[in-house]
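Trainee: Here is my input, please return the structure:
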Amino acid sequence: MSKVFGITGWKNSGKTTLTAALVQEFVKREYAISTIKHAHESFAVDVEGTDSFKHRAAGASEVAILSKGRWVIMHEGKDGGAAPTLDTMLSKLAPCDLILVEGFKNVDFPKLECILTKNQIDEPVWHQNKSVIATASDQIDSNCELPQFQLDDVSKIADYISQKMGLGL
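Mentor: Numbering: from 1, shown residues only. Predicted coordinates for the structure are as follows:
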């Protein structure tokens with residue numbers, strides 16, 4: 001089974017930008033990377049400027065997106081039913097070295113929280129969710145005991161994820 005690591009945070013916290021940059025970094029390091037993106041609303045598939053387009057353009061070998069009523073590994077739901085679970089989507093992806101999962105704040109797997117202080121409205125996810133094992137932000141939080149990274153320090157974040165997921169450097 002592929003290794004799974006999450007990028008989470010509140011809306012407009014830099015999740016997609018960081019996820020796409022990490023995909024590029026890991027691909028540059030010759031890892032096969034897939035991504036899963038959680039979407040809360042309906043979404044366009046593979047349209048320039050969308051999150052899924054950015055993931056694919058960054059070099060992900062597969063991209064899956066989930067939301068209520070529609071899910072994509074090019075599958076269109078007909079009944080508007082609930083989104084498939086993360087485990088269901090993980091089982092549909094081809095083997096790879098690492099799956100980066102964007103979103104899924106409340107699902108239990110290791111993740112890094114993105115925090116962009118000017119857009120932070122709610123309490124950080126790590127306050128309540130112990131599956132957040134590190135943060136990436138534009139400011140260091142002296143009250144946070146988790147490993148902290150600058151939001152744009154993609155190489156160090158990739159090193160950390162590699163070490164945590166046993167990928168090597």
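Trainee: Report the buried residues of the longest helix along the chain.
Mentor: Longest helix in the chain by number of residues, with DSSP state H as the criterion: helix 15-28. Using 16 or more other C-beta atoms under 10 Å as the test for burial, helix 15-28 gives 15, 16, 17, 18, 19, 20, 21, 22, 23, 24, 25, 26. In short, each C-beta sits where N, CA and C put it, glycine included.
Trainee: Name the next helix or strand downstream of the lowest-mean-pLDDT helix or strand in the chain, please.
Mentor: Least confident element among the helices and strands of the chain, by mean pLDDT, DSSP states H and E: strand 70-72 (a mean of 71). Per DSSP states H and E, strand 70-72 leads on to helix 86-92 as the next helix or strand towards the C-terminus.
Trainee: relative to helix 15-28, how tilted is the following helix or strand past that next one?
Mentor: Under the assignment DSSP H and E, the closest C-terminal helix or strand after helix 86-92 is strand 98-102. Taking axes from the mean of the first three to the mean of the last three C-alpha atoms, to 10 degrees, one finds that strand 98-102 is oriented at 170 degrees with respect to helix 15-28.
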